[in-house]
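Trainee: quick one, what's the 3D model for this:
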Amino acid sequence: MIREHQLVIIGAGPAGLAAALEAEKAGVEDILLLERDEYLGGILQQCIHNGFGLDYFGEELTGPEYAERFIDDVRESSVKIRLKTMVLNISPDKKITAINEEEGMIFIKARAIILAMGCRERTREAIKIPGTRPAGILTAGTAQRFINIEGYLPGREVVILGSGDIGLIMARRMALEGAEVKGVLEIMPYSSGLVRNKVQCLDDFGIPLKLQHTVDYIYGKQRLEAVDVVQVDDNFNPLPETREKVECDTLLLSVGLIPENELSRGMGLKLASGSQGPPVNELRETEIPGVYACGNVLQVHDLVDYVSEEAEVAARAAAGYLADNLNKREREITIEAGKGINFVIPHKISYRDESRKLIRHFLRVDEPRENIKIVISDETGSQIARFGREIVTPGEMETVKLPESLIPEGTGKLEFSIAAEGAEKDGKQ
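Mentor: Okay, here's the model as predicted:
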């Protein structure tokens, strides 16, 4: 039996929850929310530190507190929820195959779909560290779950590889639990996490951060015994004379997050090289009409507040698609990442909206810079806007709100790039 629903949302983390609520608010009456875990809220449930909600709610919350506000509203809404339900496949014509222990195989036909599957961590295998395979090697997120949800301390003497936000936060968490954190290693010449996390989680606890360092060998049989720490040159080649053997029983890996897009690829969506999510327009619509992507499945966000806001954009668009009241542009505008920019989202502008004044763009730069301009140019090379920034780093996402009135009529391309000149005040946000 094939069940039919107006809107199906895959994933009940912060993106899926916000999308469900906003879609109902926008008039969608039949919403199904599918989640493979046993509870709503996604990764937020294990993020017990504060710092969430400053943008969205205007106050500082822990991860579970932030999630609970959405969970309470979803449970009071008309949204149908299926927990412990794994989506196995989505076809290009929006047919969903899922499975759970109560109903077995489930077949669903959706008129619109919002992809909100989040992201996963890179593992040891992804970065190919040689050595033995003992216990004690975990991703930072796994260690976070062990401590904050399961109640287990993963180890006592800890080395952390990678200075992503989860790694920085776990350095502090392990220290608070009494473990000795011997250092955080980062292969790049700069920290890849938020500056505030570097200050609050490392500097305030006296935990050293070694830039341009990595682990190049692992020792131990049953349990991790030590790692070789080595400095690298500008081409990431190890410098043998700097090698140091560091005794430890735990190695936490915080070496990047990957958008969880197996389902996206399975339905025929190509992935963008920079963001590693499906290309989308300003409404977060993918190349398949009526299929939307938001949150960390589209791009790895720094702030959950941005995830919620992006999910609401996708939800309103899905409601417009179902109501058939969206107004396509005669000529679609392609967004390109130019000099100094790794990627820009959205990848294109496809619709006209008379009530819309600003189009918000997310971007990441390729290296740290000071006193720069983010320049937006049209297809003729003429600058249409510029936004000054005192400091930009790859670890912190930049947002730019482009007035739609500045987009030249009939243009087919906009390019975002970094200008090396000093930042100017006009256009600065």
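Trainee: can you pull the pLDDT of Ala126?
Mentor: If you check Ala126, the pLDDT there is 89.
Trainee: no wait, Val159
Mentor: Looking at Val159, the pLDDT reads 98.
Trainee: in stretch 35-46, what counts as buried?
Mentor: Glu35, Arg36, Asp37, Leu40, Gly41, Gly42, Ile43, Leu44, Gln45, Gln46 (16 or more other CB atoms under 10 Å). The way it works is simple: take the backbone N, C-alpha and C, and place the C-beta from them, glycine included.
Trainee: correction: the previous question concerned stretch 154-170.
Mentor: Buried, per 16+ other CB under 10 Å, within stretch 154-170: 154-155, 157-170.
Trainee: now, among the buried residues of stretch 35-46, which is nearest to Arg352?
Mentor: Among the buried residues of stretch 35-46, Gly42 lies closest to Arg352 (CB to CB), at 33.9 Å.
Trainee: all helices for the stretch 301-429 of the chain, in order.
Mentor: Listed in chain order, the helices found in the stretch 301-429 of the chain under DSSP state H, counting those that start in this stretch are 304-323.
Trainee: wait, which of the buried residues of stretch 35-46 is closest to Glu65?
Mentor: Leu44 (8.9 Å).
Trainee: touching, that closest one and Ala15? I think so.
Mentor: No. Here Leu44 does not reach Ala15: they are 10.7 Å apart, not a contact under CB atoms under 8 Å.
Trainee: for the stretch 1-150 of the chain, give me the ranges with low pLDDT.
Mentor: Along the stretch 1-150 of the chain, no part satisfies pLDDT under 70.
Trainee: all helices of it, in order?
Mentor: Under DSSP H, counting those that start in this stretch, the stretch 1-150 of the chain gives helices at 14-25, 63-75, 124-127, 140-145.
Trainee: quick one: Ala171 from Val181, how far?
Mentor: 5 Å (CB to CB, to the nearest Å).
Trainee: and what of Ala337?
Mentor: Ala337 is 36 Å from Val181, by CB to CB.
Trainee: from one end of stretch 368-385 to the other, what's the distance?
Mentor: End-to-end distance for stretch 368-385, by CA to CA, to the nearest Å: 22 Å.
Trainee: what comes up buried for that stretch?
Mentor: Arg369, Ile372, Lys373, Ile374, Val375, Ile376, Ser377, Asp378, Ile384, Ala385.
Trainee: count the neighbours of the closest residue to Ser91 other than its chain neighbours for me.
Mentor: Of all residues not flanking Ser91 in the chain, Met267 sits nearest, at 6.2 Å (CB to CB, 6 or more residues apart in numbering). Other residues near Met267 number 20, with proximity taken as other CB atoms under 10 Å.
Trainee: and for Ala67?
Mentor: Ala67, neighbours per other CB under 10 Å, totals 25.
Trainee: give the contact list for it.
Mentor: Contact analysis of Ala67 by CB atoms under 8 Å, 6 or more residues apart in numbering lists Pro14, Leu17, Leu40, Gly41, Gly42, Leu44, Gln45.
Trainee: switch the cut-off to 6 Å
Mentor: Applying CB atoms under 6 Å, 6 or more residues apart in numbering to Ala67 gives the contacts Gly41, Leu44.
Trainee: in the stretch 151-300 of the chain, where is pLDDT below threshold?
Mentor: Using pLDDT under 70, nothing in the stretch 151-300 of the chain is flagged.
Trainee: pretty sure Asp378 contacts Thr411?
Mentor: Yes. Using CB atoms under 6 Å, Asp378 is in contact with Thr411, at 4.7 Å.
Trainee: wait, Glu186 touches Leu161, no?
Mentor: No. Applying CB under 6 Å, one finds Glu186 not in contact with Leu161, separated by 8.3 Å.
Trainee: and Ala423, what pLDDT?
Mentor: 41.
Trainee: rewinding a little: got a markdown table for the buried residues of stretch 368-385, with distance to Val400 and pLDDT too?
Mentor: Output for these, formatted as a markdown table (distance: CB to CB, whole Å; pLDDT from 0 to 100):
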| residue | distance to Val400 | pLDDT |
| --- | --- | --- |
| Arg369 | 15 | 93 |
| Ile372 | 13 | 95 |
| Lys373 | 11 | 96 |
| Ile374 | 6 | 97 |
| Val375 | 10 | 97 |
| Ile376 | 8 | 97 |
| Ser377 | 13 | 96 |
| Asp378 | 15 | 94 |
| Ile384 | 12 | 95 |
| Ala385 | 8 | 95 |
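Trainee: same list (those residues) but as CSV, adding distance to Leu7.
Mentor: What follows is these, written out as CSV (distance: CB to CB, whole Å):
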residue, distance to Leu7
Arg369, 41
Ile372, 41
Lys373, 40
Ile374, 35
Val375, 38
Ile376, 33
Ser377, 37
Asp378, 36
Ile384, 36
Ala385, 35
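Trainee: separation between the residue nearest to the spatial centre of the chain and Val159?
Mentor: Closest to where the C-alpha atoms of the chain average out (CA atoms, centre = their mean) is Val300, at 1.8 Å. As judged by CB to CB, Val300 and Val159 stand 24 Å apart.
Trainee: that older thread, overlap of the contact sets of Ala171 and Val181?
Mentor: Ile207.
Trainee: who's more crowded, these two?
Mentor: Ala171 (28 against 24).
Trainee: that one reaches Val159, doesn't it?
Mentor: No. Taking contacts as CB under 6 Å, Ala171 lies outside contact range of Val159: 10.0 Å.
Trainee: how far does stretch 135-144 stretch from one end to the other?
Mentor: Length of stretch 135-144, first residue to last, CA to CA: 16 Å.
Trainee: ok, stretch 203-219 next?
Mentor: 29 Å.
Trainee: can you give the distance of it from its chain's centre?
Mentor: Distance of stretch 203-219 from its chain centroid, counting by CA atoms, centre = their mean, to the nearest Å, is 24 Å.
Trainee: I'm done for today, thanks for sticking with me.
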